[in-house]
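Colleague: Predicted model and sequence follow; I will ask about them next.
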Protein chains: 2
Amino acid sequence: MTQPVYDRIALIGLGLIASSMAHAIRRGNLAGEITGYARSEATRETARRINLCDRIFDTAADAVEDADLVVLCVPVGAMGPVMEEIAPKLKPGATVSDVGSVKRHVIEAVQPHIPQGVHFVPAHPLAGTEHSGPEAGFAELYDNRWCLLVPVEGTDPDAVERLRTLWEGMGANVDEMDADHHDLVLAVTSHAPHLIAYTMVGVADDLRRVTDSEVIKYSAAGFRDFTRIAASDPTMWRDVFLTNKDATLEILGRFTEELFALQRAIRTGDGEHLHDYFTRTRAIRRGIIEAGQDTAAPNFGRGTKS
Amino acid sequence: MTQPVYDRIALIGLGLIASSMAHAIRRGNLAGEITGYARSEATRETARRINLCDRIFDTAADAVEDADLVVLCVPVGAMGPVMEEIAPKLKPGATVSDVGSVKRHVIEAVQPHIPQGVHFVPAHPLAGTEHSGPEAGFAELYDNRWCLLVPVEGTDPDAVERLRTLWEGMGANVDEMDADHHDLVLAVTSHAPHLIAYTMVGVADDLRRVTDSEVIKYSAAGFRDFTRIAASDPTMWRDVFLTNKDATLEILGRFTEELFALQRAIRTGDGEHLHDYFTRTRAIRRGIIEAGQDTAAPNFGRGTKS
C-alpha cells in the first residue's frame, strides 16, 4: 500500500468539484480520512446518505479541525467569509487550498485570514460539467485535465509539492501560473465563452416569434452546445464575473469588435472575409485535438442509437 | 426483404451529409442503387476508393440520369448553378431535394430550373459534426435527429410522403415547416450560435498577450466547445450567412443588446441581475434533455481514461 498524501483532508462546500475530489481521493487512496461540510442542511443530508465523506460536520470550523489539507470548494464570493470562520481552528502546519475559477480575488479575500504557520496554496482544476451538487461528482472528472496551482510569494515549496502530488494522484496534470495571468487566460478560455453562451440562450428564450418548444425541439448543434454551457451553476458564475471583472470585460470588448466586423461582412456580402475568418478558426480546433484536450470522435458519440 | 424507397438515388456533392446518407441508405436498404458526383476529382477518387456509392460519375448530369431521387448536397451558394446543369437530364416524375441549411434562398435559386413533371421537395436534416468530406460520413448521423421538409406550394403530396419515408428509414424524425419560419428558427438555434463561436475563437487567436499554446492547452469547457463549433466547413457557413442574412442579422442584433446589458451588470456589480439571468437559461437546458436532443451524461463521457 502506498502512503496517503495527507492524513486528513477537509472539503468545505460539497458540490460537483468537491464530490468529484472525494471520489478521486478514495480511488487513489490519497487521504487517511475525508471530512466534509456544506452550508445547506439538505446537502449535508445527501452527502451522508451517499457516504461521500468519512464524516460530515454541521460547521466548517468542526470539519477543518486536525485536517492537514483544507480545500475551499465554495463559490468565489464565499471564500473570504468561510476562511475567516475556519481560521482559528486550523492545525499549525496545515495547508489551505481552494478550487476557485478566479485567483487574484480569492488570494485577496483569503490570504489576510491565513494564520501564522499555515500554508496557503490556491489552485484551480480546469474541469467541470453542467451538473451541480454532491451527487454530481465522479472519480474520473480530473483524469487528464489540467489543475493550475497559483502559489503566492514566499509559499513553502514542500506544501506546493504535496498539493501537486495530490492532484496528480487524482489524475490531473499540474502546472503553476501567476494569478493575474491565470485570470486573463481563463477569461479567454472560459469566462467570456460562458457569458456569451448565457446570452445566446437568453435571446432564444426571449424570442416570442420562435416558440420555446421549437427552439428546444430543433436545437441543432450550436445552440445545443450553448445550452449545456449555459446550464452551469448560477451562483458560481455570478461570482466569477463579479470577481474577474476587468479581464472578462476586456475580452468581451474585443469580442464585440470582431462580431461587428463579421456582421458588417454579412450585411455587405463580403464572402471572402467570412471564408478567411472561418478557415483560420478551424486551425485552432486541430491544435486542441492535438493537445489532447478533446476528442475528434464525431458528435462526441452523441445522438447515435448504438 | 422490404422494397427500396427509390430505385436510384443520386447524391450531388459528397461531403459529410451525403456520405452519411449513403451509409444510412445502405444500412436501411432504401435504394436499389446510389450514384454520386463531386466537383473535385480528389473527392471522387476518395469516394471510389472507399466504395461510398455504387457508381461515381465525372459530371453531375451523368450522375442524375435515370435517378428517381436527386439530392443536392452542395453548399447553399452552389445549389442554383448545379440545378441548372442537371435540369435537362432529369427523368420525368423524378424528385429533386436538397440538404441546405437555408431554405428560402435555395427555393429561389433552384425552383426556376425545375422542369415540368419533376418534383421539388426541399429538406434540411438537423445533424452534423465538425468534420467534412466523403470519409467523414457514418450511418448513425441521422438517428433520432430531426429532418425538416419544406415543400413549396402545389407540391405533389406523394413525392413529399416518399421523401419522408426515406428520411425516416435513415433514422430521422420528420417534420414539415414553412421556408421563412425555418430560416428564423435556424438563425436562432444554429446560424447565430455558429457566428458567435467563430468570433470568440477568432478573438482568442488574436490575443498576443495570451499565447496560442496556452489558450489551446488550457481550453476549458466553454472555449473547447466553441472551437468544435467553429471548426465546421468554412464554405458551407459562408454561404449560410450570406443567404440567411436578414434572420441572422436580426438575431445577432438581439444578442448584442442582451450582451451589453450583461456587461453593464458586470461593470456595475449587479449580481442579482446575473444570477436571475443564469437561473433562467439553466431551465432551457432541462427542456432540451427532456426533448431527447442531447444527453445528460457528464462531459459527454469525454476526458475520462476509461
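Modeller: Cool, the structure landed.

Colleague: For the helix or strand bottoming out on mean pLDDT in chain A, buried residues please.
Modeller: Ranked by mean pLDDT, DSSP states H and E, the weakest helix or strand in chain A is helix A:212-217, scoring a mean of 72. Neighbour-count burial for helix A:212-217 flags A:214, A:215, A:216, A:217 (criterion: 16 or more other C-beta atoms under 10 Å in any protein chain shown). Quick note: C-beta positions are derived from backbone N, CA and C, even for glycine.

Colleague: for stretch A:19-38, same thing?
Modeller: For stretch A:19-38, using 16+ other C-beta under 10 Å, the buried residues are A:19-25, A:28, A:30-31, A:33-38.

Colleague: just stretch A:92-111 next, same as before
Modeller: Buried-residue list, stretch A:92-111, by 16+ other C-beta under 10 Å: A:94-107, A:109-110.

Colleague: out of those, which one sits closest to residue B:175?
Modeller: residue A:101 (40.0 Å; C-beta to C-beta).

Colleague: Now the closest one: closest residue in space, sequence neighbours ignored.
Modeller: Closest residue in space to residue A:101, ignoring its immediate chain neighbours: residue A:240 at 5.0 Å, by C-beta to C-beta, 6 or more residues apart in numbering or on different chains.

Colleague: Next, the contact list for that neighbour, please.
Modeller: Counting by C-beta atoms under 8 Å, 6 or more residues apart in numbering or on different chains, residue A:240 touches A:76, A:101, A:102, A:191, A:194, A:248.

Colleague: which SS class is the third one?
Modeller: Which is residue A:102. At residue A:102, secondary structure determined by DSSP: H, G, I helix; E, B strand; the rest coil is coil.

Colleague: Residue A:129 looks like it's in a strand, true?
Modeller: No - using three-state DSSP, the secondary structure at residue A:129 is coil, not a strand.

Colleague: measure it to chain B for me?
Modeller: As judged by C-beta to the nearest C-beta, to the nearest Å, residue A:129 and chain B stand 4 Å apart.

Colleague: if we can go back for a sec, closest one of the buried residues of helix A:212-217 to chain B?
Modeller: Lowest distance from chain B to these (C-beta to the nearest C-beta) belongs to residue A:216, with 4.4 Å.

Colleague: quick one: residue A:273 is in a strand?
Modeller: No - using three-state DSSP, the secondary structure at residue A:273 is helix, not a strand.

Colleague: what number of residues lie near it?
Modeller: Counted by other C-beta atoms under 10 Å in any protein chain shown, the residues lying close to residue A:273 total 16.

Colleague: Report pLDDT for it.
Modeller: Residue A:273 carries a pLDDT value of 95.

Colleague: burial measure for the closest residue to it other than its chain neighbours, as a count.
Modeller: Leaving aside its sequence neighbours, residue A:273 sits nearest to residue A:265 (C-beta to C-beta, 6+ apart; 4.2 Å). By the measure other C-beta under 10 Å, the count of residues near residue A:265 is 20.

Colleague: how about the helix or strand encompassing residue A:124, does it get close to chain B?
Modeller: Here residue A:124, judged by DSSP states H and E, is contained in strand A:123-125. No - contact between strand A:123-125 and chain B is absent, the nearest approach being 9.4 Å (criterion: C-beta under 8 Å from any C-beta of the partner chain).

Colleague: Can you list the neighbours in contact with that strand?
Modeller: Contacts for strand A:123-125 (C-beta under 8 Å, 6+ apart): A:17, A:97-101, A:103, A:142, A:145-150, A:163, A:167, A:172, A:182, A:186.

Colleague: hmm, 10 Å instead?
Modeller: A:17, A:20-21, A:24, A:71-72, A:97-103, A:106, A:141-142, A:145-151, A:160, A:163-164, A:166-167, A:170, A:172, A:174, A:176-177, A:179, A:182-183, A:186, A:190, B:218, B:220 (C-beta atoms under 10 Å, 6 or more residues apart in numbering or on different chains).

Colleague: Now do the same contact list for the nearest residue to residue A:279 once chain neighbours are set aside.
Modeller: Excluding its sequence neighbours, the residue lying closest to residue A:279 (C-beta to C-beta, 6+ apart) is residue B:234, at 4.8 Å. Residues near residue B:234 by C-beta under 10 Å, 6+ apart: A:274, A:275, A:276, A:277, A:278, A:279, A:280, A:281, A:282, B:75, B:132, B:198.

Colleague: for residue A:150, same thing?
Modeller: With C-beta under 10 Å, 6+ apart, residue A:150 has these contacts: A:97-98, A:100, A:103-104, A:106-107, A:121-124, A:175-183.

Colleague: hang on, the earlier thing: check the buried residues of helix A:212-217 against chain B, which are close?
Modeller: A:214, A:215, A:216, A:217 (C-beta under 10 Å from any C-beta of the partner chain).

Colleague: Run through the stretch 1-150 of chain A and note the low-pLDDT ranges.
Modeller: A:1 (pLDDT under 70).

Colleague: can we see that at 90?
Modeller: Confidence mapping of the stretch 1-150 of chain A against pLDDT under 90 gives the ranges A:1-3, A:128-131.

Colleague: Residue A:235 and chain B, how far apart?
Modeller: Plainly put, residue A:235 is 7 Å away from chain B if you go by C-beta to the nearest C-beta.

Colleague: I'd say that residue and residue B:271 touch.
Modeller: Yes - applying C-beta atoms under 10 Å as the test, residue A:235 and residue B:271 come out as touching, 9.2 Å apart.

Colleague: count of neighbours near the residue nearest to residue A:232 when sequence neighbours are not counted?
Modeller: Distances taken as C-beta to C-beta, 6+ apart place residue A:130 nearest to residue A:232, at 5.3 Å, with adjacent residues excluded. By other C-beta under 10 Å, the residues close to residue A:130 number 20.

Colleague: Next: residue A:86.
Modeller: Using other C-beta under 10 Å, residue A:86 is surrounded by 24 other residues.

Colleague: mind listing what it touches?
Modeller: Residues near residue A:86 by C-beta under 10 Å, 6+ apart: A:10, A:12, A:37, A:59-65, A:67, A:70, A:72, A:96, A:113, A:115.

Colleague: buried subset of the contacts of residue B:234?
Modeller: Taking 16+ other C-beta under 10 Å as the criterion, what is buried in these is A:274, A:275, A:277, A:278, A:280, A:281, A:282, B:75, B:132, B:198.

Colleague: pLDDT weak spots in the stretch 151-300 of chain A?
Modeller: A:153, A:188-189, A:200-233, A:280-300.

Colleague: now the strands for the stretch 151-300 of chain A?
Modeller: A:173-176 (DSSP state E, counting those that start in this stretch).

Colleague: Spell out the residue ranges of the helices in the stretch 1-150 of chain A.
Modeller: A:16-27, A:41-49, A:60-64, A:79-86, A:104-110 (DSSP state H, counting those that start in this stretch).
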